[in-house]
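A.B. asks: The following comprises the amino acid sequence and a computationally predicted model.
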Amino acid sequence: MNASLTIEKLIEHLQKFAPDTPCVGHFWIADDLEDVAPELTPEEVVATLALADNTLDAENSLSWYFLRHCADTVLARRMLK
């Protein structure tokens, strides 16, 4: 997904389907990153979620480990500035 996903946009997207449509989902919100990487700034949280969204492969899990890897990548960019 290229656009930043928000709860509002997720709700809009899901409302396109009948309420009884079978599905599976796993999502994280910005607050969850406080447990994964509390050192992130609010802007880095958004960047971490965007990186996770843009690089997640369906063969990998959207796990704590994966989010920590994305956070570490964003934090490494901070060091380059």
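C.D. replies: Perfect, thanks for sending it. It should be emphasised that the depicted structure is a prediction, and the values quoted were computed from it without experimental measurement.
A.B. asks: Every contact and neighbour count from this point should use C-alpha atoms.
C.D. replies: OK.
A.B. asks: any low-confidence regions in this protein?
C.D. replies: 1-4 (pLDDT under 70).
A.B. asks: One more pass at 50, please.
C.D. replies: Under the criterion of pLDDT under 50, the regions of the chain flagged as low confidence span 1.
A.B. asks: any idea which residue of it is furthest from its center?
C.D. replies: Among the residues of the chain, the one whose C-alpha is farthest from the average of all C-alpha positions is residue 20, by CA atoms, centre = their mean at 25.7 Å.
A.B. asks: residue ranges for the helices of the protein, please.
C.D. replies: Chain-ordered helices for the chain, with DSSP state H as the definition, fall at 7-14, 33-36, 42-55, 64-80.
A.B. asks: Single out the most deeply packed of the ones you listed.
C.D. replies: Each of the helices of the chain was given a mean neighbour count from mean count of other CA atoms under 10 Å, and the largest, a mean of 17, is that of helix 42-55.
A.B. asks: what's the burial count for residue 27?
C.D. replies: Counted with other CA atoms under 10 Å, residues neighbouring residue 27 total 8.
A.B. asks: same deal with residue 23?
C.D. replies: For residue 23, the count of nearby residues is 5 (other CA under 10 Å).
A.B. asks: Next, find the distance separating it from residue 46.
C.D. replies: 26 Å (CA to CA, to the nearest Å).
A.B. asks: now swap in residue 9 and tell me
C.D. replies: When distance is defined by CA to CA, residue 9 is 15 Å away from residue 46.
A.B. asks: How about residue 40?
C.D. replies: 9 Å.
A.B. asks: what's the answer for residue 52, then?
C.D. replies: Going from residue 52 to residue 46 by CA to CA gives 10 Å.
A.B. asks: Please list all residues in contact with the residue most central in space within the chain.
C.D. replies: Taking CA atoms, centre = their mean as the criterion, residue 49 is the residue nearest the geometric centre of the chain, at 3.2 Å. By CA atoms under 8 Å, 6 or more residues apart in numbering, the contact set of residue 49 is 30, 67, 70.
A.B. asks: again, 10 Å this time
C.D. replies: 4, 5, 28, 29, 30, 33, 55, 67, 70, 71, 74 (CA atoms under 10 Å, 6 or more residues apart in numbering).
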